[in-house]
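Peer 1: Sequence and predicted model, in that order:
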Amino acid sequence: MTECVETDVAVIGGGVTGVGVLRDLALRGIRAVLIEKGDLGHGTSTRNHGLLHSGCRYAVRDPEAAIESYHENLILKRIVPGSIERTDGLFVKLPEDTDSYAEKWLASCKNLGIPVTEVALEQAFKEEPFLNRKAQAVFVVPDGAIDDFTLLIDTAEDAKRHGAHVLTYHEVTDLMIDQGRVSGLICSDTTSGKQTEIHAPIVVNAAGPWEGKIAKLAGIHFEIINNKGMLVVFSHRFNKHVINRLRMPSDGDIFVPAHDVTIFGTTGKNVRDPEDFSLNRAELDDMLAQGRALIPTIREMRLIRAYAGSRPLYQAHAASGSSGRDVTRGMALIDHEARDGIAGLISITGGKLTTFRLMAEKTVDLICEKMGINVACTTDQIPLPDRRSEAFLRQEQLAPAAKNKLFHWAGTHTAEIKTRLKATQAGQVLCECEQVTWAEIEAAIPKQGPFNLGDIRRRTRLGMGPCQGTFCQFRAAALAGEKGVTSCHEADQAICRSIRERQKGMAIVATGETAKQLQLMDAIYKVSLGFQKEEKAHV
Amino acid sequence: MLEWHVLNETFEKCLKCNACVANCPITANTLAFGGPKHLGPERARLVENQNPIDDKRIEYCTLCGTCDRSCPENVPVSTLMAYAKMRHQEQTGSSFRDFVLSNAELVGKMASGFAPITNLAMRTKPVRIVMEKVMHMAAERHFPAYRFKNFNRTFASSEAKAAEIHIPKLSKRKVAYFVGCYASYNAPEVADSFMQVMRFNGISVLKPKQKCCGIPMLANGRMKQAAKNAAYNCEQLLTYVHQGYDIVATCTSCSLALKKEYRSLLQSDAAKELSAHVYDASEYLRMLQENGEFNENLAPVEQTAGYHAPCHMRAQAMGSPSLDILEMIPGYSIQDLGEGCCGQCGTFGFKKEKYAVSLQLGKRMAESVHALGAETTVTECGMCKNQLDQLTDKPVRHPLQILAASYQKAAAHAPTAARI
């Protein structure tokens, strides 16, 4: 039996753009439903650097994207305080970087009004001891570190609080088009196969790299350049600031401190398949060789994993041979009524994590225009609930590090976690690398979709540390089975899936300690616990 | 002093395998301790370039070094723990008690100066009750006695006495003796024995200027003070090393400090150089034996003994040199008790809030002593002796005391042989 849902706007894609649009719609009082085929952000929005751009990176080549980034940077610092760390960024000029670029860059930043201050080299080396001592000049810019996981989940939660609906693990199978006008879509539950019809006069295609596929359902040719970038995670946070290289943006020149780790990247390679998250050893080696210029000891530091994601870039006249670096990072809002004669269908793509809010604002402005209503955007004014919560600082039964984690992380779950902490051993740390307690996991398990350790990971950092879940994934799944959160069979499947996913990211960087870690993980799961390959995946 | 980032590559080797946790004597006895993995490498990673996290539970770490030995990846867990202790001490300050306990040398000087009175006072119940109330020192805990005639006062006579021993041939070796606080103020007889054993091996001994090795300070988070002492000792002892002296200690905590802790505390070439010339007394004798320089004229000692290996001896990864040496004494039957930590753990066992854990830790050792039923117990560590004295009724000796007795007996029975 097919379920029918009536709404004003259907948003396809649970990435940061999609949830941004959803929240904006909700805040303007427009009914909306978001459809995502996996978990929120499983595709692109959690496969990035987590860099809150100051705009400086694009100051020379793409001033428009630069100024957009800077303005959004200021707004986001105000409205999502809990997901942003004001680390500031450094731009480092090395001897091999040209003076002319540095001059152009300084002039452009000044012109755009982005504050740039030079710091004494001595001071920079003191604060960033791993920085190349050959650096000739260091500038501080207002970059930041943004937690894409919490940003995404908090934005979706806030949208829900304002009346929006989110359907995860639902894949769009068809668009309903009637006489050149979109009237909704059909989606199916990826677990049960159950179909749902969503009737909406407006459909927003915010599926990122998958937007071409969605457009195809409407019979439209709409090409997105899927520019795949690879990133690596270091086992600990070795820098205080974002570290950029002062040269024309290229591969392997940004180090971002993200909670307890440092993320380094990236590369750019166009791929056809949006699901292509493949990792390439040669690409990794090239990138690390580039990174050595900024951090000379990069090869001696432990890498814990690598991952890849595709930037959905849009060029009105896409040249397929493009490397991706010279395509604008600016956003593209496409009204398919004007472009292809399909009314009610809007695509929003391009842009950056930093500019997601602005992309949503522009999209919803267009929707309002189409709906003939006049409500102003408030997402630049109304902050998201803060992640930080002092409630835990006085919890006696919690270890200080776990307390600290909850203080920075609990957010709107504070009350629930506090209640759950009263249960025996709920305050025990399951994931030691990232200090995740059972109470926190229980509060974070999504209500929709199959039991999935990846979903818990994105919401709690479970298994994101150096051991990559060697110990905690089993603990979490076993407890979930024991407490009746899921069936033992499902828990087993979740472990198999998650181990495969973790090991894929580890294998590519598996030298030294990480190679040993991988062996230990194999020994524990495949030998001691006897886990075999999972059954045919249904997720 | 060591900067944090120098330690980066050390904690990132941790595979989270829990070998340190499984072997940690404190973790095995109390849940109040967070364990070496968490408070060592894990915590270090979580605070790197982020806000500090102060964890009071670090006070439970005794810096015994068992974690270091059990780590398959050679993570210097105890060094990371020492840093965590320092951070904790910086945040919360030292209590008066911890200040006193960590100043073993100062206390030794003062207490031995008024030795009969201090010893009497420490055995007086009301005094101890007041001390527990005011200073949080466990009232039931026995204290080692202090000697008015401490080794600083008796060194000259001890040297003269040793010089009376006639030996056939003087060795080319010269030893600078790191006495340590315990042998100085509580057990000068151990130092005497050392002087004699060295003399029996034809080796002349001098006592360089020295300060407390710093281990009690390190254990109480006073790392800066420990580093000061380390720098002083390192400079003093190196001048002797440069003159061809070997540095020998009878206290295994002192030798561990000189060999290992100074290297991480000072991060200097000097500390590295020094460490290559430091020996535990038994280790030194075993080395002499291996080189054919050891005086094997040992008289039989008909005695059974159980050997307790101190944690800081084991942390030096040198086997059991005391067993190797004592087994050469004819008729002497010594067996390893095979137990782990004694529970005294230096200053740890004196603290009121740690006392119960300390006793619980010592229980297995005491049972083992009882089960073996030997006449004496042998151990190098004065603090292990303190726990053994409190929990067992067997006399406790330093290995060099046994060795000295055997040499003396041999010299007395065959005076002519010794004089050749």
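Peer 2: Cool, the structure landed.

Peer 1: who in chain A is up against chain B?
Peer 2: Contacts of chain A with chain B, taken as C-beta under 8 Å from any C-beta of the partner chain, map to A:129-130, A:235-240, A:257, A:259-260, A:300-302, A:399-401, A:404, A:429, A:432-433, A:435, A:465-467, A:470-471, A:513, A:516-517, A:520. Heads up, the C-betas are built off the backbone N, CA and C, glycines and all.

Peer 1: Could I get the full set of strands for chain B?
Peer 2: Here chain B has its strands, by DSSP state E, at B:174-178, B:204-206, B:245-249, B:278-280, B:303-307, B:332-336, B:376-378, B:396-397.

Peer 1: Pull up the per-residue confidence for A:Leu313.
Peer 2: According to the prediction, A:Leu313 has pLDDT 88.

Peer 1: re earlier: so which of the strands of chain B is nearest chain A?
Peer 2: Of all the strands of chain B, it is strand B:278-280 that lies closest to chain A, at 30.0 Å by C-beta to the nearest C-beta.

Peer 1: For the closest residue to chain A within the stretch 251-400 of chain B, grab phi and psi.
Peer 2: Going by C-beta to the nearest C-beta, chain A is nearest to B:Gln267 of the stretch 251-400 of chain B, at 14.4 Å. Dihedral angles of B:Gln267 (phi, psi; degrees, to the nearest 10) stand at phi 50, psi 40.

Peer 1: Look up how far B:Pro41 lies from it.
Peer 2: Distance of B:Gln267 to B:Pro41, computed by C-beta to C-beta, to the nearest Å: 19 Å.

Peer 1: These two: which is more packed in?
Peer 2: B:Pro41 (29 against 14; other C-beta atoms under 10 Å in any protein chain shown).

Peer 1: my read: the more buried one touches B:Glu73, true?
Peer 2: No: with contact defined as C-beta atoms under 8 Å, B:Pro41 does not reach B:Glu73; the gap is 9.4 Å.

Peer 1: Quick check: neighbours shared by these two?
Peer 2: Common contacts of B:Pro41 and B:Glu73 (C-beta atoms under 8 Å, 6 or more residues apart in numbering or on different chains): B:13-14.

Peer 1: Make TSV out of the strands of chain B and add mean neighbour count and mean pLDDT.
Peer 2: Below are these laid out as TSV (neighbours: other C-beta atoms under 10 Å in any protein chain shown; pLDDT from 0 to 100):
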stretch	mean neighbour count	mean pLDDT
strand B:174-178	22	97
strand B:204-206	16	94
strand B:245-249	24	98
strand B:278-280	24	98
strand B:303-307	22	97
strand B:332-336	17	97
strand B:376-378	23	97
strand B:396-397	21	97
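
Peer 1: now those strands in TSV, with distance to A:Gln195?
Peer 2: As requested, the strands of chain B are exported to TSV (distance: least, C-beta to C-beta, whole Å):
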stretch	distance to A:Gln195
strand B:174-178	82
strand B:204-206	92
strand B:245-249	80
strand B:278-280	78
strand B:303-307	77
strand B:332-336	74
strand B:376-378	80
strand B:396-397	81
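
Peer 1: can you count the residues close to A:Arg272?
Peer 2: A:Arg272 has 8 nearby residues by other C-beta under 10 Å.

Peer 1: got the contact list for the spatially most central residue of chain B?
Peer 2: By C-alpha atoms, centre = their mean, chain B has its centre lying nearest to B:Ser253, at 2.6 Å. Neighbour list for B:Ser253: B:180, B:213, B:215, B:310, B:312, B:346, B:381, B:383 [criterion: C-beta under 8 Å, 6+ apart].

Peer 1: returning to what we had before: make a PyMOL selection of whichever of the residues of chain A next to chain B turn out to be buried.
Peer 2: A single PyMOL command selects the buried members of the residues of chain A next to chain B (16 or more other C-beta atoms under 10 Å in any protein chain shown):
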select buried, chain A and resi 129+130+235+236+237+238+239+240+257+259+260+301+302+399+400+401+404+429+432+433+435+465+466+467+470+471+513+516+517+520
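
Peer 1: buried sites along the lengthiest helix in chain A?
Peer 2: Determined from DSSP state H, the single longest helix within chain A is helix A:488-507. Of all the residues in helix A:488-507, those buried under the rule 16+ other C-beta under 10 Å are A:490-499, A:501-503, A:505-506.

Peer 1: so how far is the following helix or strand past that helix off the chain centroid?
Peer 2: Going down the chain from helix A:488-507, the next helix or strand is helix A:512-522, by DSSP states H and E. The chain centre lies 27 Å from the centre of helix A:512-522; the measure is C-alpha atoms, centre = their mean, to the nearest Å.

Peer 1: Stretch A:335-353 now?
Peer 2: Here stretch A:335-353 is found 22 Å from its chain centre; the criterion is C-alpha atoms, centre = their mean.

Peer 1: which sections of the stretch 401-539 of chain A are below the confidence cut-off?
Peer 2: A:534-539 (pLDDT under 70).

Peer 1: which residues in it form helices?
Peer 2: Using DSSP state H, counting those that start in this stretch, the helices assigned to the stretch 401-539 of chain A run over residues A:414-420, A:438-444, A:453-460, A:472-482, A:488-507, A:512-522.

Peer 1: Angles on the backbone of the closest residue to B:Thr27 other than its chain neighbours, please.
Peer 2: Spatial nearest neighbour of B:Thr27, chain neighbours left out: B:Gly35 (4.8 Å); criterion: C-beta to C-beta, 6 or more residues apart in numbering or on different chains. Dihedral angles phi and psi of B:Gly35 (degrees, to the nearest 10) take the values phi 90, psi 150.

Peer 1: same check, this time on A:Leu52
Peer 2: Dihedral pair for A:Leu52: phi -90, psi 100, per degrees, to the nearest 10.

Peer 1: which stretches of the chain have low pLDDT?
Peer 2: Assuming you mean chain A. Applying pLDDT under 70 to chain A flags residues A:1, A:316-329, A:534-539.

Peer 1: That was the other one, I meant chain B.
Peer 2: By pLDDT under 70, the weakly predicted segments of chain B are B:1-9, B:414-420.

Peer 1: what number of residues lie near A:Gln395?
Peer 2: Neighbours of A:Gln395 (other C-beta under 10 Å): 16.

Peer 1: Check whether it really touches A:Arg420, as I assumed.
Peer 2: No: applying C-beta under 8 Å, one finds A:Gln395 not in contact with A:Arg420, separated by 11.8 Å.

Peer 1: Now do the helices in the stretch 1-150 of chain B.
Peer 2: Using DSSP H, counting those that start in this stretch, helices in the stretch 1-150 of chain B cover B:8-11, B:19-23, B:36-37, B:43-47, B:66-70, B:77-92, B:96-102, B:104-113, B:115-122, B:125-135.

Peer 1: ok, how many other residues are close to the residue of the stretch 101-250 of chain B found nearest chain A?
Peer 2: For the stretch 101-250 of chain B and chain A, the shortest gap (C-beta to the nearest C-beta) falls at B:Gly221, measuring 15.7 Å. For B:Gly221, the neighbour count with other C-beta under 10 Å is 27.

Peer 1: what's the answer for A:Thr98, then?
Peer 2: So A:Thr98, with other C-beta under 10 Å, has 12 neighbours.

Peer 1: Now it. Nearest residue, chain neighbours left out?
Peer 2: A:Arg247 (7.3 Å).

Peer 1: Next one: the one you found from A:Arg61, what distance?
Peer 2: Look at A:Arg247 and A:Arg61: by C-beta to C-beta, they are 11 Å apart.

Peer 1: Tell me how far the nearest residue to B:Lys85 once chain neighbours are set aside lies from A:Glu128.
Peer 2: Leaving out its chain neighbours, the residue that sits closest to B:Lys85 by C-beta to C-beta, 6+ apart is B:Gly221, at 3.8 Å. Counting by C-beta to C-beta, the separation of B:Gly221 from A:Glu128 is 28 Å.
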